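>>> Build the 3D model from these lines:
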Amino acid sequence: MKTTYREAMRAALRDAMTRDERVFLMGEDVGRYGGSFAVSLGLLEEFGPDRIRDTPLSESGFVGAGIGAALGGMRPVVEIMTVNFSLLALDQIINNAATLLHMSGGQFNVPIVIRMTTGAGRQLGAQHSHSLEGWYAHIPGLRILAPATLADARGMLWTALQDPDPVLIFEHGSLYNVAGELDDDADAVGIDKAAVLREGDAITLITYGGTLPLVLEAAEQLDGEGIDADVIDLRTLRPLDAHTIMDSVARTHRAVVVDEGWRSGSISAEIAARICEQAFFDLDAPVERVCSLEVPVPYAKHLEQAALPSVERVMAAARRAVGAGG
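Numbering: from 1, shown residues only. Here you go, the predicted structure:
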């Protein structure tokens, strides 16, 4: 069937609430307004205000309420409008959700799912456009998901709800309108493995989330230059599927990591370090990284685009790695 990323996410929410009466959605504008990005449009009318709950503008408050509901046996899905606003709930996410199992000696799990929009490219200014999922991937006790395909948008939520520990799902804002074909019987998917979406033997291109489409485009153009690329969609940022990465690097001997986060202290830095630790003798060239420039994301369209990873920058990095110039 033809669908969009947004509609796939909505179908995932509808399916989860139909399967399990403990599942409910809460967050800013998720009910009457249908969600800030229209993901929950129509769900209030379908499931009622007890299960589609509009909250005050207090991220710390409603994330804390979600943690309490999870401790009480419910399966809350908490929506935070953008990743930037999640910083107002850092105490709840990091000091409570991520640590309570450890601090209780294994007595209390926190089965909460927190969804949020991430990423730039839509001229929303710095306070609505940053990619901070790499920060959260630093935290033990959290699982970090970054669905980039229609199948993952549809299938990751139910699997996340089965996890006894906190799961954060980062949905790139540029993907909501992406349309494509999805199997009519699309269902839950695994969240433990990265996916090789394109096979090649000249170089490994590693990415996730909103940068996946541009990396796939770069791979197609590189193929025309005789550079055949493996493209890996990480899908899960914590825990990383290092096996898939190292298996690819062992075959291609070169790697480019594409990450919309800033270069310093980024998830791309972690991946590059792991490749050097685990596959150093397989490398024929230094690991390349393509990240956002070290500035707050600009509002002006031409400056925003200049600050973000691009097809051209990915191709130039790949050419450098294979010694083809650029």
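
>>> Sketch out the helices for this protein, chain order is fine.
Ranges of helices in the chain, per DSSP state H, are 5-19, 43-47, 59-71, 90, 100-103, 133-136, 150-162, 212-223, 242-252, 267-279, 301-307, 311-322.

>>> Those: which one's closest to I232?
helix 242-252 (6.0 Å; Cβ to Cβ). C-beta here means a position set from N, CA and C on the backbone, and glycine is covered the same way.

>>> Tell me the helices and strands packed up against the closest one.
strand 195-198, strand 203-207, strand 229-233, strand 255-262, helix 267-279 (3 or more Cβ pairs under 8 Å, 6 or more residues apart in numbering; DSSP states H and E).

>>> Which of those sits closest to L124?
strand 255-262 (14.0 Å).

>>> Give me the distance from the closest one to the chain's centre.
In terms of Cα atoms, centre = their mean, to the nearest Å, the gap separating the centre of strand 255-262 from the centre of its chain is 13 Å.

>>> can you state the direction angle for that strand and helix 267-279?
150 degrees (axes from the mean of the first three to the mean of the last three Cα atoms, to 10 degrees).

>>> Could the C-alpha coordinates of strand 255-262 be exported in CSV?
Provided in CSV are the C-alpha atoms of strand 255-262 (Å, rounded to 0.1, in the frame of the first residue of the first chain):
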residue,chain,number,x,y,z
ALA,A,255,34.3,3.8,5.9
VAL,A,256,32.4,7.1,6.0
VAL,A,257,30.1,7.9,8.9
VAL,A,258,27.4,10.4,8.2
ASP,A,259,25.7,12.1,11.2
GLU,A,260,23.6,15.2,11.4
GLY,A,261,24.9,15.8,14.9
TRP,A,262,27.9,18.0,15.5
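
>>> So which bits of stretch 102-117 are buried?
Buried positions in stretch 102-117, judged by neighbour count with 16 or more other Cβ atoms under 10 Å: V110, P111, I112, V113, I114, R115, M116, T117.

>>> And the pLDDT for the second one?
As summarised for this prediction, P111 has a pLDDT of 98.

>>> quick one, what contacts it?
A70, R75, L161, D163, P164, D165, P166 (Cβ atoms under 8 Å, 6 or more residues apart in numbering).

>>> Show me just the buried residues among those residues.
Applying 16+ other Cβ under 10 Å to the contacts of P111 flags A70, R75, L161, D165, P166 as buried.

>>> Among these, show me the least confident.
Ranking these by pLDDT, D165 lands last with 95.

>>> low-scoring pLDDT stretches of this structure, where are they?
Applying pLDDT under 70 to the chain picks out residues 324-326.

>>> Map the structural domains onto the sequence of it.
Recorded structural domains for the chain (assignment: automatic domain parsing) are 2-181, 195-322.

>>> Quick one: closest of those domains to V189.
Here domain 2-181 is closest among these (Cβ to Cβ), at 3.4 Å.
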